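Chemist: sequence? don't have it. structure:
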């Protein structure tokens, strides 16, 4: 069982747009207060939907999936995720492309360090620290829905 949980967490991290170290020098993102609020609201809505249940969170993940990658959403199979960003790490990532893609998504791509907690039926299954990518496009924040493997 522990091995299956580890596979699920690794798959979640990889397919959610998580990456290893990012080349270059980190510097704070220069965003307006309104844009910063949109990023915070994105994750607050995601976590609130998870608190309301797996189907609500799944629906929100589909709605907030980057428009160019809507066909690449996955079913979390009844699990929910809680994402806790470390806002001081938010920075641009102009060279990133989603796993398996060659093209950089439209919009301004940002990466932020996060703690992701996976739960099923109200019980925590596992937690992992990684990086997630989000995109600011046409005044909206979009993400890349996680997929569970295994």
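Modeler: Happy to help now that I have it. Computed from a predicted model, the values in this text were never measured in an experiment. Numbers count the residues shown, from 1 in each chain.

Chemist: Let me see the confidence value for the residue nearest the centre of the chain.
Modeler: For the chain, residue 132 is the residue whose C-alpha lies nearest the centre (C-alpha atoms, centre = their mean; 4.6 Å). At residue 132, the model reports a pLDDT of 93.

Chemist: Can you tell me the closest non-neighbouring residue to residue 40?
Modeler: residue 87 (7.5 Å; C-beta to C-beta, 6 or more residues apart in numbering). Every C-beta, even on glycine, is put in place using the N, C-alpha and C of the backbone.

Chemist: Let me see the backbone angles for the one you found.
Modeler: Main-chain torsions, residue 87, degrees, to the nearest 10: phi -60, psi -30.

Chemist: so is residue 99 in a helix, a strand, or just coil?
Modeler: For residue 99, the assignment made with DSSP: H, G, I helix; E, B strand; the rest coil gives coil.

Chemist: Do you know the pLDDT at it?
Modeler: What the model reports as pLDDT for residue 99 is 85.
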